[in-house]
Each structure stands twice: as C-alpha cells, then as structure tokens.
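Engineer: any chance you can model this:
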Amino acid sequence: MGIPVEVPGLDTIVPVIPDGHIVVIESGADGVKSFLSRRLAKTALRAGRSVTFIASRDGPELSQSLLIGNDLPPTRGDGLRVEERDSLVGWQDVDSLRGVLVVDSFSFLALNLPPSQLSELLRRLRRLGHAQGLTVILATDRGMADERSESILGHLSDGWIQFLSKEGPEGLIRYLRVPKWSDGTLVDRNIYYEYDGKRLAIDLRRRVL
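Structural biologist: This is a model prediction of the structure:
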C-alpha cells in the first residue's frame, strides 16, 4: 500500500513511500524536511495507519498539527503516538513499533550514538520493516552527522530525498535531488522548489543551476 506523497510535482518523482522501507529526508535550516515528514505522517493517519512520531521538542503542538493541520483534512488521533526525546541512546521499545515511524531531527537525536549502535538501530528497523512492514521516515539536518554515521545511514536506508540550496545571481536557489531509491530509480537532475513555511511548491521545468 505505502504512503502516497501528496505534494503536487513531487508525487511524479516519488509517488509513494513503500511499506517496510527506511527513507531519509534531508534539508538545511529551512524546515522543509519537517514539513514533508509531518505531511506523510498525516497522510498515513488518514489512511488508518498507526503512527509513532518522535521529536526533540513541541510534542503537544505537534500532536495538534498532525490531527488538525490546515494542509490536509482533520483525522482521528487514536492511531497517533507522539514522543519527545533528547536522544535515541537507550531507546528500548524499538521492537514494539508497528505501522509508521517518523523521527524528526534524527541526526540531532542520534548525535550521541556511536557508529556501531547507529548501525544496530538501523538494522533492527530494517528487520521490523521486512517482518512487520514498518515504514520509517527519518528527517535529518545536513552537516550535523559525521562522515562515518552519514555513510551508515546512506548504506542502510532504502531511499534518500535531499532538499538543497545555493546562492545564485538572483538570490537563493532551492532544489531537490533523489540520490538513492529502492527501485533503483534516481533523479539525476535538479528539481527546483519553493518553501514558505506552509507550502511546498515543486517546479519540474528543466533549468540550468
């Protein structure tokens, strides 16, 4: 079944997050990674999926935004569990997860995990994906993880969506890339986007960056 990507334009590139997969959503400081991960969580809730959402802050506000946010119709809250954590060190209830797991600020929460523990955590999540169909969405901050941890995350994930930006002659240029996807499909060109904190707009026109 998977989780439909209900963002016009982006859904032509990545139409669905497959069940049982680990997908990384990466961006800088503009918050687009959190926007997309929360939208996917809300889509899953509307479809009757159970969702565990782990974040580093704003748990009560997050619960309300997932249930009553303006971008999609309201949904019931009986399938939602929101948990605030300062770290993933000592996280014990991984094996009880079902449905969809979303971890916002994953790179921050995993800062104190040694590479061996990060690898073991991701392998446990992969086993749950294969055995129970658990879908995992990890929102990460670009540049926060060290090179070894980022390599582990890239190797053990099934898909990676990168929201990038650079300065151009007319100001900041925002674009996304998909360097890894489970079916082998890669987006080998820059897809331009705009994000204003409330709306993600994708521009599929081909342009030179």
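Engineer: please count neighbours and contacts with C-alpha atoms only from this point.
Structural biologist: Fine.
Engineer: what about this protein, any weak spots by pLDDT?
Structural biologist: 68-78, 206-209 (pLDDT under 70).
Engineer: grab the longest helix from this protein for me.
Structural biologist: helix 115-132 (DSSP state H).
Engineer: which element follows that one toward the C-terminus?
Structural biologist: Sequence order places strand 135-141 as the next helix or strand after helix 115-132, per DSSP states H and E.
Engineer: quick one: list the elements packing against that next one.
Structural biologist: For strand 135-141, the elements it packs on are strand 22-27, helix 32-46, strand 100-103, helix 106-109, helix 115-132, judged by 3 or more C-alpha pairs under 8 Å, 6 or more residues apart in numbering; DSSP states H and E.
Engineer: and the second one, how far from the chain's centre?
Structural biologist: Its chain's C-alpha centre lies 8 Å from the corresponding centre of helix 32-46 when counted by C-alpha atoms, centre = their mean, to the nearest Å.
Engineer: rewinding a little: and the helices and strands packed on strand 135-141 as CSV, adding distance to L200 and mean neighbour count?
Structural biologist: Output for those, formatted as CSV (distance: least, C-alpha to C-alpha, whole Å; neighbours: other C-alpha atoms under 10 Å):
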stretch, distance to L200, mean neighbour count
strand 22-27, 13, 24
helix 32-46, 8, 22
strand 100-103, 19, 24
helix 106-109, 21, 22
helix 115-132, 28, 16
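Engineer: reformat the ones you listed as CSV; add distance to S149.
Structural biologist: Converted to CSV, the helices and strands packed on strand 135-141 look like this (distance: least, C-alpha to C-alpha, whole Å):
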stretch, distance to S149
strand 22-27, 13
helix 32-46, 19
strand 100-103, 16
helix 106-109, 9
helix 115-132, 6
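Engineer: of all the ones you listed, which one is nearest P15?
Structural biologist: Set against P15 and scored by C-alpha to C-alpha, those come closest in helix 32-46, at 11.7 Å.
Engineer: which residues touch whichever helix or strand comes after that closest one?
Structural biologist: Counting by DSSP H and E, the element after helix 32-46 in chain order, helix or strand, is strand 51-55. With contact meaning C-alpha atoms under 8 Å, 6 or more residues apart in numbering, strand 51-55 is reached by 41, 44-45, 79-85, 97-105.
Engineer: sorry, back to before: show me what the longest helix of the chain is packed up against.
Structural biologist: Judged by 3+ C-alpha pairs under 8 Å, 6+ apart, the packing partners of helix 115-132 are strand 22-27, strand 135-141, helix 147-156.
Engineer: with distance to G90 added, can I get the ones you listed in a markdown table?
Structural biologist: Below are the helices and strands packed on helix 115-132 laid out as a markdown table (distance: least, C-alpha to C-alpha, whole Å):
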| stretch | distance to G90 |
| --- | --- |
| strand 22-27 | 21 |
| strand 135-141 | 18 |
| helix 147-156 | 18 |
